[in-house]
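Undergrad: Generate a structure from the sequence data that follows.
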Amino acid sequence: MALDPYLIWFYRQPGNAYVGFVLGTLVLVLVCLVIGEITFWLTTRLMGKHLDNVAGEALRYQDISIEAAKAGDKRSFKAANKMANDAFGKSFFHVCAISMAKLWPAPFALAWMQYRFFYVDFPIPGTPWSLGYIGMFVIIYVAIYILLQQVRRRLTFSRGHQRESLTVPVEPVR
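TA: The predicted model follows:
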């Protein structure tokens with residue numbers, strides 16, 4: 001609520017209420033995305049070595065299971081394969097958890113919007129339906145997120161921003 005006077009300012013600038021809502025929500029979404037990106041960047045920097053170790057462990061157990069299968073040692077293959085599956089699962093859920101760092105500001109923004117716009121509806125032209133503040137926020141959020149991803153891919157300085165360790169390593173089993 002301490003940020004309320006600053007956030008609502010963008011909603012009140014245009015003379016039209018609909019344009020003001022879209023402008024204010026656009027600014028709110030941009031703030032959420034910037035905070036999320038900063039959090040994601042910090043998290044990957046702090047957890048990078050750990051993520052690399054977990055992914056490396058998964059690949060190591062996979063290699064052991066493949067070698068055991070080639071040697072015909074069924075018992076060792078099953079044991080190593082189980083450990084590889086556990087390590088891949090651990091790696092996958094680490095990646096999911098760190099990816100959530102980008103999304104955590106959105107519920108706080110929606111909570112503030114509920115305080116201000118709970119009873120506001122936006123009619124969908126040509127239909128009897130309408131969208132509330134959540135629907136509008138989600139549409140703007142997804143559109144701006146996709147747009148910013150396209151812009152970021154085109155910028156040369158951000159190519160090193162994504163960590164290779166944030167992908168779950170998957171190699172085909174032979």
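Undergrad: ok, how many other residues are close to Glu67?
TA: The tally of other residues near Glu67 (other CB atoms under 10 Å) stands at 13. The C-beta positions use only the backbone N, C-alpha and C, and glycine is treated the same way.
Undergrad: mind checking how far it is from Ala55?
TA: 19 Å (CB to CB, to the nearest Å).
Undergrad: Leu155 now?
TA: As judged by CB to CB, Leu155 and Ala55 stand 26 Å apart.
Undergrad: Those two: which is more packed in?
TA: A direct count of neighbours by other CB under 10 Å for Leu155 and Ala55 places Ala55 higher, at 23 against 9.
Undergrad: Got phi/psi on the more buried one?
TA: Here is the backbone geometry of Ala55 (degrees, to the nearest 10): phi -70, psi -40.
Undergrad: now for the host helix or strand of Met113, which elements pack on it?
TA: Under the criterion of DSSP states H and E, Met113 resides in helix 105-117. Packed against helix 105-117 by the contact rule (3 or more CB pairs under 8 Å, 6 or more residues apart in numbering; DSSP states H and E) you find helix 4-12, helix 17-71, helix 133-154.
Undergrad: mind running it again at 6 Å?
TA: If you count contacts as 3 or more CB pairs under 6 Å, 6 or more residues apart in numbering; DSSP states H and E, helix 105-117 packs onto helix 17-71.
Undergrad: What average pLDDT does the helix it packs on get?
TA: In this model, helix 17-71 has an average pLDDT of 87.
Undergrad: Which neighbouring elements make contact with that helix?
TA: helix 4-12, helix 74-99, helix 105-117, helix 133-154.
Undergrad: is it possible to export the ones you listed to TSV including mean pLDDT, mean neighbour count and distance to Leu28?
TA: As requested, those are arranged in TSV below (pLDDT from 0 to 100; neighbours: other CB atoms under 10 Å; distance: least, CB to CB, whole Å):
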stretch	mean pLDDT	mean neighbour count	distance to Leu28
helix 4-12	82	13	6
helix 74-99	84	16	21
helix 105-117	91	15	5
helix 133-154	90	14	8
